[in-house]
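Engineer: Provided below for reference: sequence and predicted model.
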Amino acid sequence: MFHAKPSSLAYSAAAIASVFCLVSQMQVQPAFSQGDADGNQKILHLLNRVTFGPRPGDVEDVKRMGVEKFLQQQLHPGTIPLPESLVSNLAGNDAINSSPMDIAQRYFQKAKGRKNAKNGGKPISIEEKKSLSKERKEAYGNLYTEASDAKLRRAVESPRQLEEVMVDFWFNHFNVSNNKGRDHLWTGAYEQQAIRPYALGKFRDLVEATSHHPAMLFYLDNWQNSKQGTEDDANKKKGKAKFKGLNENYARELMELHTLGVDGGYSQKDVVELARILTGLGLPPQNPRLIGTVPPGRFGSTFNSNRHDYGDKNFLGTAIKGSGEGEIDQAIDLLCRAPATAHHISYQLAQYFVADEPPKPLVERLTATYERTDGDITAILTQLFHSPEFWDSQYVKFKTPFRYIVSSLRAADIAPNDYKACLNSLRQQGMPLYGCLTPDGYKNTQEAWLSPSSLLRRIQFATGLGSGTLPNVQVEPVSPEQMTNSMKGMFDAKTLKLVASSPVRMRTSILLGSPEFMNH
């Protein structure tokens, strides 16, 4: 465990007091002023929105290549090479590189093997049960550490910054929680396989991938969704039957959160009809006797025709003939091409990139682009980034805890070998990574995150990072002079005056904890 020296504690207390005093007077800061002669403020505004924040040298790089070329590269990330160190680190990451079923079978087999080895075929004791439970939790914890490390490492180090921003946006939109059952195993694989490949592609592909991934099917219970009267031979004799008929959970959230929106014009009858359409879409069986009895499907799902309701349906005013798995594709088409979906997704993107209450004309134009391009995310973002609203200095966003921590690491030019301190800070700030319990995901508005307790946690993180005392982070941050030079135009005179009058060791912390840095 890290133990700060007395001098470090004194510095920390002083830094927290100074920065908290500054932040307590926080007012909305314009993104850049009209007197931006050298263009720094405009580029900083761009980097703060399109990336997780500038690193030293980023402003100069964008100046050299030009804003338009930078945007085009970010919108087409395959053109940007990844650092070999990052590629090498991710290559051995089991949590993101294995299929969901491989992960599940490997961990279940390990648990079963340990149990058999310990009991020799006899009932195991309470102590042995506790030991097995501890081993299982450790195994789950290792997967979580791997998935979290990959996400944070990419967000901090990858030059494909817009891709990372959009992966985070879409994961939150199609949220699953690491805290629910088997999703302990699958969260990293879900983000890697169902979100990342489609983050800048067609929206329909995202819906198809997330709807067929075991993480989502388990999280919102569609793996239990079955026609009425389904026989559950594996469990019914034990009184533990899992398939008891329709489960509407996923059907409801698929419409309310993922596509049409809460005011999307659907009815309870549509929820029921969509649930009927989705019957039979679930997980491969885990019972060794049943493995292979259901053909593997897309993204790790399976479609069990014995549990599907083959009756005809009428969904969103459209007749759908009972035909099996093809009904799901028809329903996804209807949802993704609905005007309500075009508006809902456009609103979410405008809120994320521009303002908590996005301008209606911008949302309307993005909606039209969605409809014209059949939900092409790159086309929608291209229009958004070229809109006057995106560049309007009156619109300011307050950083979520995740964005704040990642932007702090990038600004300080630190890529930790160990992200435990960052994960702890996220938990303390109320935004544990992959830990949102509700399907609506974390909010990205100022109202959700601006509070005295949240600010105090941020400033504690900034103090540790800026003073070089953050536990397990051995890298010293860049100097405050380097930071102010690389972000020239971001910090106002009041902040710079406080920095200049403070002890050297506190200066980077004050910059990271300033009102200007809290916004983006």
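Structural biologist: Here it is on my side, so go on.
Engineer: list the residues that contact Asn249.
Structural biologist: Contact analysis of Asn249 by C-beta atoms under 8 Å, 6 or more residues apart in numbering lists 220-222. No exception for glycine: its C-beta is placed from N, CA and C like everyone else's.
Engineer: which residues does Asp183 contact?
Structural biologist: Contacts of Asp183 (C-beta under 8 Å, 6+ apart): 176-177, 190, 215, 218-219.
Engineer: nearest to Ser509, of these?
Structural biologist: Closest to Ser509 out of these is Ser177 (32.9 Å), distances taken as C-beta to C-beta.
Engineer: correct me, but that closest one touches Leu433?
Structural biologist: No. Using C-beta atoms under 8 Å, Ser177 is not in contact with Leu433; the gap is 11.0 Å.
Engineer: may I ask you to name the longest helix in this structure?
Structural biologist: helix 126-157 (DSSP state H).
Engineer: so what's Leu206 up against?
Structural biologist: Neighbours of Leu206 in contact, by C-beta under 8 Å, 6+ apart: 170, 174, 194-195, 198-199.
Engineer: would you list those in JSON lines and tack on pLDDT, secondary structure and neighbour count?
Structural biologist: Listed next are the contacts of Leu206 as JSON lines, based on pLDDT from 0 to 100; DSSP: H, G, I helix; E, B strand; the rest coil; neighbours: other C-beta atoms under 10 Å:
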{"residue": "Trp170", "pLDDT": "98", "secondary structure": "helix", "neighbour count": "23"}
{"residue": "Phe174", "pLDDT": "98", "secondary structure": "coil", "neighbour count": "26"}
{"residue": "Ala194", "pLDDT": "97", "secondary structure": "helix", "neighbour count": "29"}
{"residue": "Ile195", "pLDDT": "98", "secondary structure": "helix", "neighbour count": "22"}
{"residue": "Tyr198", "pLDDT": "98", "secondary structure": "helix", "neighbour count": "21"}
{"residue": "Ala199", "pLDDT": "98", "secondary structure": "coil", "neighbour count": "22"}
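Engineer: JSON lines for those, including distance to Leu316?
Structural biologist: What follows is these, written out as JSON lines (distance: C-beta to C-beta, whole Å):
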{"residue": "Trp170", "distance to Leu316": "23"}
{"residue": "Phe174", "distance to Leu316": "20"}
{"residue": "Ala194", "distance to Leu316": "24"}
{"residue": "Ile195", "distance to Leu316": "25"}
{"residue": "Tyr198", "distance to Leu316": "23"}
{"residue": "Ala199", "distance to Leu316": "27"}
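Engineer: and the residues you listed, which is closest to Leu260?
Structural biologist: Looking across the contacts of Leu206 and measuring by C-beta to C-beta, the closest to Leu260 is Phe174, at 14.3 Å.
Engineer: which stretches of this structure have low pLDDT?
Structural biologist: 1-37, 108-124, 132-133, 230-243, 286-296 (pLDDT under 70).
Engineer: care to break it down by domain?
Structural biologist: Per automatic domain parsing, the structural domains of the chain span 1-29+398-426+452-510, 216-337, 339-391.
Engineer: and those domains: which comes nearest Glu164?
Structural biologist: Glu164 lies closest to domain 1-29+398-426+452-510 among the domains of the chain, at 8.6 Å (C-beta to C-beta).
Engineer: spatially central residue in this protein, please.
Structural biologist: Asp168 (3.3 Å; C-alpha atoms, centre = their mean).
Engineer: so which residues of the stretch 301-450 of the chain form helices?
Structural biologist: Using DSSP state H, counting those that start in this stretch, the helices found in the stretch 301-450 of the chain span residues 326-336, 339-353, 360-373, 377-385, 388-391, 401-411, 420-428, 446-449.
Engineer: which of those sits most buried?
Structural biologist: Mean neighbour counts were compared across those using mean count of other C-beta atoms under 10 Å; the top stretch is helix 401-411, at a mean of 25.
Engineer: only the C-alpha atoms, please, for that helix, written as PDB.
Structural biologist: Provided in PDB are the C-alpha atoms of helix 401-411 (Å, rounded to 0.1, in the frame of the first residue of the first chain):
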ATOM      1  CA  PRO A 401     -15.500  11.000 -14.400                       C
ATOM      2  CA  PHE A 402     -14.300   8.600 -17.100                       C
ATOM      3  CA  ARG A 403     -13.500  11.500 -19.500                       C
ATOM      4  CA  TYR A 404     -11.900  13.500 -16.700                       C
ATOM      5  CA  ILE A 405      -9.500  10.700 -15.600                       C
ATOM      6  CA  VAL A 406      -8.500   9.800 -19.200                       C
ATOM      7  CA  SER A 407      -8.100  13.500 -20.200                       C
ATOM      8  CA  SER A 408      -5.900  14.100 -17.100                       C
ATOM      9  CA  LEU A 409      -3.600  11.200 -18.000                       C
ATOM     10  CA  ARG A 410      -3.400  12.400 -21.600                       C
ATOM     11  CA  ALA A 411      -2.700  16.000 -20.500                       C
END
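Engineer: now the angle from that helix to helix 126-157?
Structural biologist: Angle, helix 401-411 to helix 126-157, by axes from the mean of the first three to the mean of the last three C-alpha atoms, to 10 degrees: 60 degrees.
Engineer: and helix 401-411 with helix 420-428, angle?
Structural biologist: Using the same axes, to 10 degrees, helix 401-411 lies at 150 degrees relative to helix 420-428.
Engineer: roughly how far is helix 401-411 from the heart of the chain?
Structural biologist: 14 Å (C-alpha atoms, centre = their mean, to the nearest Å).
Engineer: tell me the helices and strands packed up against that helix.
Structural biologist: Using 3 or more C-beta pairs under 8 Å, 6 or more residues apart in numbering; DSSP states H and E, the elements in contact with helix 401-411 are helix 126-157, helix 420-428, helix 452-467, helix 504-512, helix 515-518.
Engineer: if you set the cut-off to 7 Å instead, what comes out?
Structural biologist: Packing partners of helix 401-411 (3 or more C-beta pairs under 7 Å, 6 or more residues apart in numbering; DSSP states H and E): helix 126-157, helix 420-428, helix 452-467.
Engineer: report the angle between that helix and helix 452-467.
Structural biologist: Going by the same axes, to 10 degrees, helix 401-411 makes 20 degrees with helix 452-467.
Engineer: re the thing from before, reformat the domains of the chain as CSV; add distance to Gln446.
Structural biologist: Shown next, in CSV, are these (distance: least, C-beta to C-beta, whole Å):
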stretch, distance to Gln446
domain 1-29+398-426+452-510, 4
domain 216-337, 21
domain 339-391, 6
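Engineer: for the ones you listed, which one sits closest to Arg154?
Structural biologist: Counting by C-beta to C-beta, Arg154 lies closest to domain 1-29+398-426+452-510 out of the domains of the chain; the figure is 9.8 Å.
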